[in-house]
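J.: any chance you could fold what I've pasted below:
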Amino acid sequence: MSTLSPDSEQEKTMTEQELNRLGSTLWGIADQLRGAMNADDFRDYMLSFLFLRYLSDNYEAAVKKELGSDYPDVYPDVMKTIGAMSPLQIWYEENRNDVAEFEKQMRRKVHYVIEPQYLWGSIAELARTQNDELLHTLESGFKYIENQSFESTFQGLFSEINLNSEKLGKKYADRNAKLCTIISKIAEGIAKFSTNSDILGDAYEYLIGQFAAGSGKKAGEFYTPQQISTILSEIVTLDSQEPATGKKKKLDKVLDFACGSGSLLLNVRKQLGPHGIGKIYGQEKNITTYNLARMNMLLHGVKDSEFEIHHGDSLLNDWAILNEMNPAKKLECDAVVANPPFSYRWEPTETLSEDFRFKSYGLAPKSAADFAFLLHGFHFLSDQGTMAIILPHGVLFRGGAEERIRTKLLKDGHIDTVIGLPANLFFSTGIPVCVLVLKKCKKPDDVLFVNASEHFEKGKRQNRLLPEHIDKIVDTYQFRKEEERYSRRVSMEEIEKNDFNLNISRYVSTAKAETQINLQAVNDELVKLEENIVKSTNRHNQFLMELGLAPLP
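T.: The predicted model follows:
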């Protein structure tokens with residue numbers, strides 16, 4: 001039963017409706033304006049402008065609060081007359097000596113500063129009036145935000161947005177005009193909706209999902225569908241030793257070493273609320289996606305001091321913070337989540353065989369880095385933590401090096417639960433995948449198998465997990481439930497008899513048992529039917545003879 005009041009329920013519904021309308025509006029704009037531009041390229045422009053709008057709204061709300069009655073209360077037509085584009089610009093002009101102190105105060109309050117000419121309202125006004133300086137102002141504004149807005153620099157945050165790309169136009173004037181059109185349309189589209197930061201954050205997620213759907217296979221690199229993300233998030237936020245007791249109140253550190261656009265990390269945060277995580281750590285190899293993740297964090301109200309996203313290769317472990325040799329300084333996370341690339345081909349070297357992450361287990365084969373990713377994340381899991389990782393089914397039964405790694409993880413008591421998901425849930429692949437739940441210290445001496453492969457809603461392009469399917473998986477994990485043709489707790493003895501093969505259907509088959517047939521009963525039934533046929537035929541023939549007609553054979 002919902003604990004929300006009727007008003008809250010109504011507000012929630014309105015918010016969802018508003019989000020869907022805003023998402024559709026923005027997606028419609030993207031579809032209409034991108035022209036011959038590749039959807040992935042246009043995504044970077046669209047999301048960057050949405051990000052600038054969010055930063056500006058958030059900043060201006062804090063500025064109004066900070067300045068109080070000193071905040072210039074002027075009408076738009078007055079601003080046009082005096083040549084100003086925002087009330088803050090007027091305040092800057094009138095209080096030049098106080099600007100430095102004011103910005104220092106704003107950094108303390110909201111962790112960043114945006115100069116008036118770079119605020120979304122100012123940029124949108126330049127676009128509306130088709131100002132020739134729009135492109136130059138945008139370039140300067142993006143550089144300013146990357147290098148000066150925040151205490152911690154966000155170097156290269158907009159590096160993937162080429163404002164001088166010929167895809168926007170061959171000449172400066174053409175590019176400027178195209179940007180004026182794009183920004184004006186976005187400004188008009190957003191103006192009808194709430195400036196609630198959650199709405200804009202969710203709209204950003206919505207658009208990432210829509211662009212992912214449109215990109216097909218490439219989208220698997222950066223986007224985990226929200227339904228699957230929710231399963232992992234709910235699992236890792238439950239108490240690791242006693243999941244049945246419910247959610248942890250706080251997670252000190254959370255890591256996603258293949259974080260894509262950051263949606264999985266944000267889903268974990270959503271489970272515990274804005275103050276439920278001490279610090280978020282993410283790593284991403286793709287530069288575009290890395291920038292998306294950093295924007296996504298800020299867009300969802302995560303302060304720059306509350307997260308660290310690193311651009312680099314997890315398999316090579318090129319992030320200094322994860323390469324700490326001093327055990328006392330080792331990063332240990334209460335939750336590790338990941339959706340790494342499936343069966344990624346890699347080049348393990350001799351040096352890597354001595355790497356602290358792999359030394360005790362061995363190296364994953366060149367053909368599939370799945371276990372390399374798993375061992376990387378597992379190394380940074382705390383003794384009281386939970387790790388949930390999405391992997392292809394092959395990790396459950398493939399032989400060779402993978403079998404040796406799997407066997408050791410099982411013998412050491414680290415594999416807690418194996419969940420089989422339905423096929424065709426991802427944009428990037430139609431194959432069914434599994435979720436492995438790992439712990440360094442787990443209480444049960446068995447392994448829980450959940451075969452959820454037949455529990456989904458069929459879609460035209462993608463299958464979907466409905467809330468009841470997600471709840472059933474999480475509930476089964478939380479209370480370690482057993483249910484025929486769905487879940488079962490399997491002893492280590494049985495797993496050992498199966499040579500440490502974790503193929504889910506070996507332990508939980510979804511096949512319905514064939515009904516036992518009693519051949520004697522079937523034979524007796526057939527004999528009885530034959531006798532009835534003969535009786536009925538004889539009787540019918542008597543009627544036919546009385547009528548002078550030929551009898552039935």
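J.: when you work out contacts or count neighbours from here on, use the C-alpha atoms and nothing else.
T.: OK.
J.: following the helix or strand of the chain with the lowest mean pLDDT, which helix or strand comes up?
T.: When each helix and strand of the chain is scored by mean pLDDT, DSSP states H and E, helix 76-82 comes last, with a mean of 56. Using DSSP states H and E, the helix or strand that follows helix 76-82 towards the C-terminus is helix 87-94.
J.: right, and the helix or strand after that following helix?
T.: helix 99-110.
J.: what's that next one packed up against?
T.: Here helix 99-110 touches helix 39-67, going by 3 or more C-alpha pairs under 8 Å, 6 or more residues apart in numbering; DSSP states H and E.
J.: list the buried residues of the helix it packs on.
T.: 39-40, 42-60, 63 (16 or more other C-alpha atoms under 10 Å).
J.: what's the answer for stretch 363-372, then?
T.: Under the neighbour-count criterion of 16+ other C-alpha under 10 Å, stretch 363-372 has Leu363, Ala364, Pro365, Ala368, Ala369, Asp370, Phe371, Ala372 buried.
J.: what does stretch 445-457 give?
T.: Buried residues in stretch 445-457, counted by 16+ other C-alpha under 10 Å: Asp446, Val447, Leu448, Phe449, Val450, Asn451, Ala452, Ser453, His455, Phe456.
J.: which one among the residues you listed gets closest to Gly209?
T.: For the buried residues of stretch 445-457, the closest approach to Gly209 (C-alpha to C-alpha) belongs to Phe456, at 19.3 Å.
J.: show the contacting residues for the spatially closest residue to that closest one that is not a sequence neighbour.
T.: Distances taken as C-alpha to C-alpha, 6 or more residues apart in numbering put Leu465 closest to Phe456, at 4.9 Å, once the chain neighbours are dropped. Contact analysis of Leu465 by C-alpha atoms under 8 Å, 6 or more residues apart in numbering lists Gln227, Ile228, His455, Phe456, Glu457.
J.: next one: Phe358
T.: Leu352, Ala372, Leu375, His376.
J.: can you turn the buried part of these into a PyMOL selection?
T.: Applying 16+ other C-alpha under 10 Å to these leaves a buried subset, and the PyMOL line that selects it is:
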select buried, resi 352+372+375+376
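J.: could you dump the contacts of Phe358 into a markdown table with distance to Leu421 and secondary structure added?
T.: As requested, these are arranged in a markdown table below (distance: C-alpha to C-alpha, whole Å; DSSP: H, G, I helix; E, B strand; the rest coil):
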| residue | distance to Leu421 | secondary structure |
| --- | --- | --- |
| Leu352 | 32 | helix |
| Ala372 | 22 | helix |
| Leu375 | 22 | helix |
| His376 | 23 | helix |
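J.: name the nearest of the contacts of Phe358 relative to His136.
T.: Using C-alpha to C-alpha, those come closest to His136 at His376, 43.7 Å.
J.: state the distance from the closest one to Arg357.
T.: In this view, His376 and Arg357 are 6 Å apart by C-alpha to C-alpha, to the nearest Å.
J.: kindly export stretch 464-478 (C-alpha atoms) in CSV.
T.: Provided in CSV are the C-alpha atoms of stretch 464-478 (Å, rounded to 0.1, in the frame of the first residue of the first chain):
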residue,chain,number,x,y,z
ARG,A,464,10.2,-4.8,-21.1
LEU,A,465,10.2,-5.7,-17.5
LEU,A,466,7.1,-4.4,-15.7
PRO,A,467,7.2,-3.2,-12.1
GLU,A,468,5.7,-6.5,-11.0
HIS,A,469,8.5,-8.5,-12.7
ILE,A,470,11.2,-6.3,-11.1
ASP,A,471,9.5,-6.6,-7.6
LYS,A,472,9.3,-10.4,-8.0
ILE,A,473,13.1,-10.6,-8.7
VAL,A,474,14.1,-8.3,-5.9
ASP,A,475,11.7,-9.9,-3.4
THR,A,476,13.0,-13.4,-4.3
TYR,A,477,16.6,-12.2,-3.7
GLN,A,478,15.7,-10.3,-0.5
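J.: now do the buried residues in that stretch.
T.: Arg464, Leu465, His469, Ile470, Lys472, Ile473, Val474, Asp475, Thr476, Tyr477, Gln478.
J.: returning to that earlier point: let me know the closest of the contacts of Phe358 to Val99.
T.: Of the contacts of Phe358, the one sitting nearest to Val99 (C-alpha to C-alpha) turns out to be His376, at 47.1 Å.
J.: phi, psi of Leu448?
T.: Main-chain torsions, Leu448, degrees, to the nearest 10: phi -90, psi 130.
J.: count the neighbours of Ser353 for me.
T.: Around Ser353 there are 16 other residues, counting by other C-alpha atoms under 10 Å.
J.: keep only those of the buried residues of stretch 464-478 that are in helices.
T.: Counting by DSSP state H, the buried residues of stretch 464-478 place His469, Ile470, Lys472, Ile473, Val474, Asp475, Thr476, Tyr477, Gln478 in helices.
J.: with only the CA atoms kept, save the longest strand anywhere in the chain in CSV.
T.: Ranked by residue count and defined by DSSP state E, the top strand of the chain is strand 381-392. Taking Å, rounded to 0.1, in the frame of the first residue of the first chain, the C-alpha atoms of strand 381-392 are listed here in CSV:
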residue,chain,number,x,y,z
LEU,A,381,34.2,-4.3,-2.8
SER,A,382,34.2,-3.9,1.0
ASP,A,383,33.7,-6.9,3.3
GLN,A,384,30.2,-5.6,4.1
GLY,A,385,29.3,-4.6,0.5
THR,A,386,27.3,-6.1,-2.3
MET,A,387,28.3,-6.2,-6.0
ALA,A,388,25.8,-6.7,-8.8
ILE,A,389,27.1,-7.0,-12.4
ILE,A,390,25.3,-7.7,-15.7
LEU,A,391,27.1,-10.4,-17.8
PRO,A,392,26.3,-12.7,-20.8
